[in-house]
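Asks: pasting the sequence and the predicted coordinates here, then a few questions.
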Amino acid sequence: MNRPVLLVIAHGSRDPRHAATVRALVRRAGALRPGLRVETAFLDFNLPSVPGVLDRLAADGVRDVVALPLLLTRAFHAKADVPAVLRQAPPSLRVRRAEVLGPSPLLIAAVERRLYEAGLTPGDRSTTGVVLASAGSTDPEAIAVIAETARELRRTGWCSVRPAFASASLPRTEDAVAALRTEPGVGRVAVAPYVIAPGRLPDRIAAGAAGADVLAGVLGPSPELARLLLERYDGARAARPVARTA
């Protein structure tokens with residue numbers, strides 16, 4: 001069966017934990033779909049680069065690629081960086097771009113998994129306030145998606161959920177923690193990093209969580225995220241190929 005190659009495009013980071021986590025997630029997704037060729041590339045800081053992988057795929061005789069941005073929202077990287085680099089793909093490649101990961105119920109499930117792994121139980125939801133802490137963005141669409149994700153998480157039964165941001169937007173994690181402390185019914189406060197891999201901004205989230213009772217881990221190579229990668233891949237296979245730069 002001649003299936004398109006899945007190319008997962010991550011941002012990249014100087015922090016070595018970032019690339020290691022991305023690769024672990026991609027391996028997990030590949031294990032769920034035996035026979036599917038899955039590749040990883042980075043926009044910055046890490047290798048292989050996106051152009052390098054696209055050139056290698058073309059040299060291998062690959063004709064169809066689904067490029068999946070490993071991003072939770074449609075902010076600058078999804079709207080500018082990823083399309084720009086894909087437009088420069090070798091002409092022999094038909095490249096289809098998948099949607100970013102969020103929003104999705106699978107992301108909500110992954111957040112809850114990490115909260116439970118940090119020591120909470122489903123029975124704690126009604127008395128626990130959660131800070132959904134993302135990296136941050138100046139893009140109004142991205143901020144709105146984070147706010148809606150916080151509302152969706154609240155609908156699963158948590159006492160209260162507030163969004164927070166490590167950069168570019170407000171409130172900061174520590175301010176959201178302090179605000180939850182004042183809410184009626186909140187007996188404990190948990191911080192759930194809404195980020196895929198470790199790095200500078202997730203470390204800032206962790207520092208801001210010093211006043212919380214619970215700090216969950218990053219989403220990382222969770223089974224829900226691995227399934228979501230394949231869901232986005234399947235949804236993109238019928239999409240129109242990316243137009244090339246003239």
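Replies: Alright, I've got the coordinates.
Asks: and the strands in this protein?
Replies: Listed in chain order, the strands of the chain (DSSP state E) span 5-10, 38-42, 64-69, 94-97, 128-134, 160-165, 188-193, 214-215.
Asks: contact partners of the fourth one?
Replies: Taking Cβ atoms under 8 Å, 6 or more residues apart in numbering as the criterion, the residues outside strand 94-97 that touch it are 4, 54, 63-69, 82-83, 86, 89, 236-237, 239-242. The way it works is simple: take the backbone N, C-alpha and C, and place the C-beta from them, glycine included.
Asks: same question for the first one.
Replies: Defining contact as Cβ under 8 Å, 6+ apart, one finds that strand 5-10 is touched by 18-19, 22, 25-26, 29-30, 36-43, 46, 50, 53-54, 57, 62, 64-70, 82, 85, 196-197, 229-230, 233.
Asks: likewise the fifth one?
Replies: Residues outside strand 128-134 that contact it (Cβ under 8 Å, 6+ apart): 72-73, 111, 115, 120, 146, 149-150, 153-154, 158-166, 173, 176-177, 180-181, 183, 186-195, 205, 208-209, 212, 214.
Asks: now do stretch 228-242
Replies: By Cβ under 8 Å, 6+ apart, the surrounding residues in contact with stretch 228-242 are 4, 6, 8, 25-26, 29, 32-33, 66-68, 70, 83, 86-87, 89, 94-101, 104, 106-107.
Asks: and it, which residues are buried?
Replies: Neighbour counts over stretch 228-242 (16 or more other Cβ atoms under 10 Å) mark 228-230, 232-233, 236, 242 as buried.
Asks: and it, what's its mean pLDDT?
Replies: Per-residue pLDDT over stretch 228-242 has a mean of 94.
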